[in-house]
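**Q** my questions are about this predicted structure, shown below with the sequence.
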Amino acid sequence: MGLCLLAAGGFHVLWAEGPLGAPSIFSPESTPAKTIMDLSWFVLAITGAIFVTVGGLFAWALIRFRAKKDDDNSEPPQIYGSTQVELAWTVIPILVVVVLFLTTARIIFAIQDAPKPQAALDVTVVGHQFWWEYRYPKLGIVTANELHVPVSTALDPRPTFLHLLSADVDHSFWVPQLAGKTDLIPNHPNELWIDPHQTGLFVGQCAQFCGVEHAKMLLRVSVDTPEQFDAWVQQQKQPGVQDASVAAGRHVFETQACTNCHTIAGTAARGTFGPDLTHLASRATLASGALPNTPANLQAWIQDPNTLKPGVLMPAMQLSNEQIDEVVAYLETLR
């Protein structure tokens with residue numbers, strides 16, 4: 001199922017620079033992440049004990065049997081074969097491997113086969129080059145790049161189950177504090193679930209090389225209180241605000257090729273190739289976390305996206321400065 005556990009060899013940490021710095025596996029805030037970290041510590045303890053034992057015996061042998069000044073040059077006694085030693089170096093490694101295999105298998109199945117409660121939130125995640133699409137099928141919401149989920153507590157468990165799809169090439173969904181890496185593979189749906197125990201913002205990124213801008217395909221997961229999440233849902237269900245003062249910008253947007261790729265609810269824009277922009281101004285970042293969502297950055301992005309995110313599939317729209325200002329003013333009202 002594409003779940004990558006940190007086991008059988010210690011830790012492998014991919015430091016992905018994002019708006020909040022590097023995500024970390026050492027502060028899990030969800031059951032899958034906590035389980036994976038516990039497994040990692042268990043594997044590290046066993047492999048560490050093996051390292052200390054073998055290294056200690058090797059050091060003891062070097063010191064105990066080192067050459068001395070009064071040694072003669074005769075060959076030391078030769079011992080051919082030892083049933084006890086051969087059994088030890090065969091049976092012990094087999095037992096270690098079996099223990100690691102069974103423990104890892106138990107953790108994998110415990111995570112992948114976890115029961116889905118009725119209160120669970122369903123989200124379909126679609127990986128694109130190079131951004132994330134989030135669909136909430138039961139809520140009728142489609143958004144991009146910033147995933148919102150409710151906090152899950154012992155008194156009010158509300159896990160989020162993610163259905164992972166790819167629109168083009170292989171991607172990998174990884175927010176270290178919430179769960180292990182799970183791949184998004186074309187024509188091969190995968191599943192992942194999280195139950196964040198704390199509110200706040202958790203960051204990650206695509207962990208599977210997917211093209212030139214793979215490093216800027218960042219993840220932002222906002223874990224909200226139940227009240228905050230319900231308010232966000234109600235906001236997302238509203239059509240984009242249509243302010244008469246920015247009618248010129250809306251007209252420019254709707255008469256350009258923007259409508260071929262983007263959707264804005266309540267307008268003629270119904271494209272699905274690019275991110276849904278209905279509530280663009282409510283997002284903290286642009287370009288899948290590559291830039292803060294400010295009017296200046298939005299203006300630069302529309303003017304020439306490739307200078308900010310080389311390899312991005314959005315073309316420069318060849319608009320005049322006046323038209324760009326009008327479009328930015330319009331998009332800034334979409335909250």
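**A** Everything's here; your move. Residues are numbered from 1 along each chain as shown.
**Q** buried stuff in the helix or strand that Val203 is a member of?
**A** Counting by DSSP states H and E, the element that carries Val203 is strand 200-206. By 16 or more other C-beta atoms under 10 Å, the buried positions in strand 200-206 come out as 202-206. For every residue, glycine as well, the C-beta is placed using N, CA and C.
**Q** tell me the one among those nearest to Ile141.
**A** Distance to Ile141 across these (C-beta to C-beta) is lowest for Phe202, with 19.7 Å.
**Q** for that closest one, name its beta-bridge partners.
**A** Using DSSP bridges, the bridge partners assigned to Phe202 are Val221.
**Q** what residues are up against it?
**A** 23, 29, 175, 177-178, 196, 220-221, 223 (C-beta atoms under 8 Å, 6 or more residues apart in numbering).
**Q** can you give me the strands for the stretch 201-335 of the chain?
**A** Listed in chain order, the strands of the stretch 201-335 of the chain (DSSP state E, counting those that start in this stretch) span 218-224, 285-286, 291-292.
**Q** winner for burial among the ones you listed?
**A** Most buried of those, by mean neighbour count (mean count of other C-beta atoms under 10 Å): strand 218-224, with a mean of 22.
**Q** that strand - contacts with which helices or strands?
**A** When contacts are defined as 3 or more C-beta pairs under 8 Å, 6 or more residues apart in numbering; DSSP states H and E, strand 218-224 packs onto strand 146-150, strand 200-206.
**Q** how does it look with 10 Å?
**A** On a contact count with 3 or more C-beta pairs under 10 Å, 6 or more residues apart in numbering; DSSP states H and E, strand 218-224 meets strand 131-136, strand 146-150, strand 171-174, strand 200-206, helix 226-236.
**Q** if we can go back for a sec, closest to Ile185 out of the strands of the stretch 201-335 of the chain?
**A** Nearest of those to Ile185, taken as C-beta to C-beta: strand 218-224 at 17.5 Å.
**Q** now the closest one, how far from the centre of its chain.
**A** Mean-position distance between strand 218-224 and its chain equals 10 Å (C-alpha atoms, centre = their mean, to the nearest Å).
**Q** and what of stretch 111-119?
**A** Computed by C-alpha atoms, centre = their mean, the chain-centroid distance of stretch 111-119 equals 20 Å.
**Q** report the buried residues of that stretch.
**A** The neighbour-count criterion (16+ other C-beta under 10 Å) identifies 111-112, 114 as the buried residues of stretch 111-119.
**Q** checking my notes, Phe101 in a helix, right?
**A** Yes. Membership of Phe101 in a helix is supported by DSSP: H, G, I helix; E, B strand; the rest coil.
**Q** just the pLDDT for it.
**A** Note on Phe101: pLDDT of 96.
**Q** count of neighbours near it?
**A** For Phe101, the count of nearby residues is 12 (other C-beta atoms under 10 Å).
**Q** rewinding a little: and of the strands of the stretch 201-335 of the chain, who's closest to Glu75?
**A** Of all these, strand 218-224 comes closest under C-beta to C-beta, at 64.1 Å.
**Q** quick one, the closest one and strand 146-150 angle?
**A** 30 degrees (axes from the mean of the first three to the mean of the last three C-alpha atoms, to 10 degrees).
**Q** pLDDT on the helix or strand containing Trp60, on average?
**A** Element membership of Trp60, judged by DSSP H and E, is helix 31-64. Averaging pLDDT along helix 31-64 yields 94.
**Q** do the same with stretch 295-306
**A** Average pLDDT, stretch 295-306: 91.
**Q** Leu165 belongs to a strand?
**A** Yes. The assignment for Leu165 (three-state DSSP) places it in a strand.
**Q** got the contact list for the nearest residue to it once chain neighbours are set aside?
**A** Computed as C-beta to C-beta, 6 or more residues apart in numbering, the closest residue to Leu165 that is not its neighbour in sequence is Val126, at 4.9 Å. When contacts are counted by C-beta atoms under 10 Å, 6 or more residues apart in numbering, Val126 touches 132-135, 142, 144, 163-168, 171, 184, 272.
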